[in-house]
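Asker: Pasted the sequence and its predicted model underneath.
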Amino acid sequence: IPINVTLLFSREHYLAAAEAFLRGIERRIEAGLRPSVASVASIFISRWDAAVMGRTPDALRDQLGIAIARRTYKAYRELLASPRWQRVFNAGARPQRLLWASTGTKDPQASDVLYVTNLAAPLTVNTMPEATLKALADHGEVGSILPADGGDCEKVFEAFARSGIDVDALASELQEEGAKAFVKSWNELMAVIAAKSHALKSAIAH
C-alpha cells in the first residue's frame, strides 16, 4: 500500500518516518515479499516562515522554511547513500521520496515561486497549489538544485536561535496544530457525507 507520511516539519520528523519505512521494507524482504513499495515523506515548508513572521529581523524573512528543507534533504541524501539503504535498494526497494508540502508563498512581499525555485532536487516531489504552478509556468526559473550537503542551513538556524526561535519546539507546535486542523477537516467532511446520505435516504423513502 503506497503511503504518504504527512505533517512532517523537521529533519527529526522525517528521519523517524524514514526509519519506519525502511524497517518495513527490511521485514518484507525477510518474509520473501516484494520490497518495491511506493512512499513519500511530506515536509511542510511555508508554515515555518508564517509562524515566525514578525518575530525575527527582516534579514531572516522567509529563510526558515528553506533552511528546514535543506537540512532535511541532507539527511535524506545521507540515508540513501548508507549501506543499510543500499542493501534494500539492491533487493529491489524504491526510495521513499521527500515531498515538499505547503509550498504556496504566504508572504505577499516574497516571490510567488519562492518554495519551488529554491527546492528543486532529485528524488523529490513538490505539491504546488494551482496558483503557484501557474506562476512557475509564467515566470519561474529553476536555477541550481538543492545542495546535498545542506548548504548554509546550519548558519541560518544559528541566526534564528540568536533571535530567540527554538526550532525543535516550534516543529512540535506546528505538527500538533497541523494534526488538529487535519482532524477538523476530516470530521467536517464526514459530517457533510453523513448529512447528504441521510437526505438522500429520506428522499428515496418518500
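Answerer: On my side now, so go ahead.

Asker: So for the chain, the centremost residue is which one?
Answerer: Centroid check for the chain by CA atoms, centre = their mean gives residue 43 as the closest residue, at 1.4 Å.

Asker: partners of the residue nearest to residue 102 when sequence neighbours are not counted in the sheet?
Answerer: Counting by CB to CB, 6 or more residues apart in numbering, the nearest residue to residue 102 once its immediate chain neighbours are dropped is residue 44, at 4.2 Å. C-beta here means a position set from N, CA and C on the backbone, and glycine is covered the same way. When assigned by DSSP bridges, residue 44 has beta-bridge partners residue 101.

Asker: and residue 44, how many neighbours does it have?
Answerer: Residue 44 is surrounded by 24 other residues when neighbours are defined as other CB atoms under 10 Å.

Asker: Assess the claim that it and residue 178 are in contact.
Answerer: Yes - under the criterion of CB atoms under 8 Å, residue 44 lies in contact with residue 178, with a separation of 6.7 Å.

Asker: overlap in contacts of the two?
Answerer: 7, 9 (CB atoms under 8 Å, 6 or more residues apart in numbering).

Asker: which residues in this protein form helices?
Answerer: With DSSP state H applied, the chain shows helices at 11-30, 46-52, 64-80, 83-90, 114-117, 130-139, 153-162, 167-205, listed in chain order.

Asker: Quick one: closest of these to residue 147.
Answerer: Taking CB to CB as the criterion, residue 147 comes closest to helix 64-80 out of these, the separation being 6.7 Å.

Asker: So which bits of that closest one are buried?
Answerer: Within helix 64-80, the residues scored as buried using 16 or more other CB atoms under 10 Å are 64-77, 79-80.

Asker: about what we covered before: for the helices of the chain, could you give me CSV that also reports distance to residue 1 and mean pLDDT?
Answerer: Putting these into CSV (distance: least, CB to CB, whole Å; pLDDT from 0 to 100) gives the following:
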stretch, distance to residue 1, mean pLDDT
helix 11-30, 10, 97
helix 46-52, 27, 96
helix 64-80, 22, 98
helix 83-90, 18, 97
helix 114-117, 29, 96
helix 130-139, 28, 95
helix 153-162, 33, 97
helix 167-205, 19, 93
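
Asker: re earlier: how much space between the residue nearest to the centre of the chain and residue 103?
Answerer: Taking CB to CB, to the nearest Å as the measure, residue 43 falls 10 Å from residue 103.

Asker: for residue 91, same thing?
Answerer: In this structure, residue 91 and residue 103 are 33 Å apart, going by CB to CB.

Asker: cool, and residue 97?
Answerer: Look at residue 97 and residue 103: by CB to CB, they are 15 Å apart.

Asker: ditto for residue 83
Answerer: Taking CB to CB as the criterion, residue 83 is separated from residue 103 by 33 Å.

Asker: which one of these two has more residues nearby?
Answerer: Regarding residue 83 and residue 103, a neighbour count based on other CB under 10 Å identifies residue 103 as having more, with 24 against 6.

Asker: Number of residues surrounding the spatially closest residue to the more buried one that is not a sequence neighbour?
Answerer: Counting by CB to CB, 6+ apart, residue 115 is the residue found nearest to residue 103 once chain neighbours are left out, at 3.9 Å. When neighbours are counted by other CB under 10 Å, residue 115 registers 26.
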